[in-house]
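*Asks:* model this:
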Amino acid sequence: MSQATFLNRQALFLRPDPARVVVRPFKPAIEPRDLNATEKSRANHIVDRVLALDPEAATAQLRDVLENFQGRHRNLLATFETRAGDMEDAFTAHVDFTTTQRQLIGAYFLHEYSFEAAALFNPSIVSHPDQSGAPEGGHRFILSLRGVGEGHVSSLTFRSGVIAANGSVTIDPTARLASIPKVLNRIPGPEGETIDVAFAPDEDISERVIFPITASQSNGIEDARFVEFEDGGQKLFYATYTAYSGKAIRSELIETRDFISFRMSPLTGAAAQNKGMALFPRKLDGKYAMIGRQDNENVYLLYSDDLYSWERGVAILKPKFPWEFVQIGNCGSPIELDEGWLLLTHGVGPVRKYTIGGVLLDKADPSKVLARSREPLVRPDQSEREGYVPNVVYTCGAIRHNDQIVLPYAVSDTFCNFATIKIAALLKALDG
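*Replies:* Residues are numbered from 1 along each chain as shown. Next up, the predicted model:
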């Protein structure tokens with residue numbers, strides 16, 4: 001079956017926009033030759049220079065800052081005040097500041113970051129928790145995306161949209177502004193911090209950007225695989241993601257009910273030391289179940305009584321066909337069908353070409369593979385080969401809608417597109 005008849009590409013492109021920026025803390029760097037300098041002393045030098053301005057000059061400078069940046073961010077003066085408060089432990093020589101001085105000092109310790117300047121990719125899709133306004137036979141959804149900016153730092157951002165009854169997809173307009181959440185709580189633990197964050201409820205979902213917060217995430221929150229999880233009649237949204245410190249990776253978990261407030265927690269156990277974990281949408285025989293990749297080559301099935309602790313599982317899929325000889329991994333959480341669990345996979349083949357395949361797992365015992373695709377379901381066409389990382393199509397999660405699978409996927413680690421696949425046709429393609 002050719003892709004032309006099997007796969008309906010929608011030509012709905014989501015591309016990175018360097019004009020979308022957030023404000024982030026700026027910490028003065030210390031030159032190696034400044035042997036007696038510290039970050040605190042440099043911060044105080046900056047504060048001294050601000051305080052040396054006479055009141056009229058300070059007011060004029062703050063006014064100039066606002067004229068340049070006010071329209072690019074919400075509540076900028078409050079952001080300046082908050083940043084000045086964060087820096088108070090570095091202000092060793094000063095106690096009292098005027099409001100203007102505090103706001104101006106806060107501005108000197110912030111910078112703009114274009115969080116999706118380089119790429120906007122690796123999408124995951126789930127049902128919107130609020131289905132009001134959905135069209136008849138249609139469905140509202142939330143899309144998570146990985147944005148990459150300067151220094152290849154990854155963050156988590158979102159879009160919303162609608163799937164019509166016939167499977168066509170539309171994306172809601174993207175907000176011009178963007179913001180990072182307020183940190184509500186930090187809970188220390190032996191494996192690292194658990195963080196509670198929240199956005200303002202009146203911010204559009206496309207404004208919300210979860211930027212790295214902890215040391216383990218400092219160079220990136222990568223490839224979130226969201227799933228709508230049902231447990232005892234309660235619905236929550238979980239996502240496993242890769243936390244990258246710049247030196248090491250590990251899997252962590254994010255959870256939310258409303259995509260306004262989020263908790264981010266480290267995962268423990270041997271399986272969490274790798275990437276590519278994806279949670280089943282419900283417990284199986286009273287246990288949490290996860291698809292993982294423990295050896296950079298095969299796909300594993302894991303079980304746990306504890307959502308946050310994952311030890312080694314059993315390999316259920318190994319490279320079998322030429323398009324996946326280098327490695328295979330999951331492309332999001334399993335999707336429950338009448339026929340079994342549909343697991344989308346990625347395969348890496350010659351010249352490190354990434355394609356998307358599929359596997360059907362037994363519903364009662366997902367360690368049993370019922371069928372798999374001999375050929376990729378999705379491969380880069382000629383218009384999708386060029387980008388930040390050439391020859392790659394990849395997804396972090398699809399969704400079932402009526403008789404179709406709605407598949408958002410990334411193109412060459414640069415931008416995203418959507419496709420739909422009829423479930424009946426897809427199952428026929430799983431014959432390997």
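*Asks:* CA atoms for contacts and neighbours, from now on please.
*Replies:* Noted.
*Asks:* could you give the number of residues near residue 131?
*Replies:* Residue 131 has 13 neighbouring residues, counting by other CA atoms under 10 Å.
*Asks:* doesn't it fall inside a helix?
*Replies:* No - per DSSP: H, G, I helix; E, B strand; the rest coil, residue 131 lies outside any helix segment and is coil.
*Asks:* ok, it to residue 397 distance?
*Replies:* Relative to residue 397, residue 131 is positioned 20 Å away (CA to CA, to the nearest Å).
*Asks:* and if you look at residue 356?
*Replies:* Using CA to CA, residue 356 is found at 11 Å from residue 397.
*Asks:* also residue 120?
*Replies:* From residue 120 to residue 397 the distance is 15 Å (CA to CA).
*Asks:* quick one: which of those two has more around it?
*Replies:* A direct count of neighbours by other CA under 10 Å for residue 120 and residue 397 places residue 397 higher, at 31 against 27.
*Asks:* any idea where the strands of the stretch 101-250 of the chain begin and end?
*Replies:* Along the stretch 101-250 of the chain, counting by DSSP state E, counting those that start in this stretch, strands occupy 110-113, 119-127, 139-148, 154-163, 169-171, 182-187, 194-198, 209-210, 220-231, 234-244, 249-256.
*Asks:* between the third one and strand 154-163, how many degrees?
*Replies:* Angular relation of strand 139-148 and strand 154-163 on a 0 to 180 degree scale: 160 degrees, by axes from the mean of the first three to the mean of the last three CA atoms, to 10 degrees.
*Asks:* helices or strands up against strand 139-148?
*Replies:* Strand 139-148 is packed against strand 119-127, strand 154-163, strand 220-231, with contacts defined by 3 or more CA pairs under 8 Å, 6 or more residues apart in numbering; DSSP states H and E.
*Asks:* go again using 10 Å as the cut-off
*Replies:* Packing contacts for strand 139-148, counted by 3 or more CA pairs under 10 Å, 6 or more residues apart in numbering; DSSP states H and E, involve strand 119-127, strand 154-163, strand 169-171, strand 209-210, strand 220-231, strand 404-411, strand 415-422.
*Asks:* deepest of those, which one?
*Replies:* Of all the helices and strands packed on strand 139-148, strand 119-127 carries the top mean neighbour count, a mean of 27, counting by mean count of other CA atoms under 10 Å.
*Asks:* neighbouring strands for that strand, and are they parallel or not?
*Replies:* With DSSP bridges as the test, strand 119-127 is paired with strand 139-148 (antiparallel).
*Asks:* ok, and for the strand it pairs with, which residues are buried?
*Replies:* 139, 140, 141, 142, 143, 144, 145, 146, 147, 148 (16 or more other CA atoms under 10 Å).
*Asks:* and if you look at stretch 358-374?
*Replies:* Buried residues in stretch 358-374 (16+ other CA under 10 Å): 358-361, 363, 366-367, 369-374.
*Asks:* same question, stretch 245-254
*Replies:* Using 16+ other CA under 10 Å as the test for burial, stretch 245-254 gives 245, 249, 250, 251, 252, 253, 254.
*Asks:* check contacts around the spatially closest residue to residue 389 that is not a sequence neighbour.
*Replies:* Distances taken as CA to CA, 6 or more residues apart in numbering put residue 412 closest to residue 389, at 4.9 Å, once the chain neighbours are dropped. By CA atoms under 10 Å, 6 or more residues apart in numbering, the contact set of residue 412 is 119, 121-122, 353-354, 380, 384-394.
*Asks:* which segments of this structure make up each domain?
*Replies:* By the record's domain assignment, the chain is partitioned as 3-20+114-429, 22-113 (automatic domain parsing).
*Asks:* residues in a beta bridge with the residue most central in space within the chain, which ones?
*Replies:* Geometric centre of the chain, nearest residue: residue 156, 3.5 Å, by CA atoms, centre = their mean. Beta-bridge partners of residue 156, counted by DSSP bridges, are residue 146, residue 210.
*Asks:* check residue 359 too.
*Replies:* Beta-bridge partners, per DSSP bridges, of residue 359: residue 343, residue 372.
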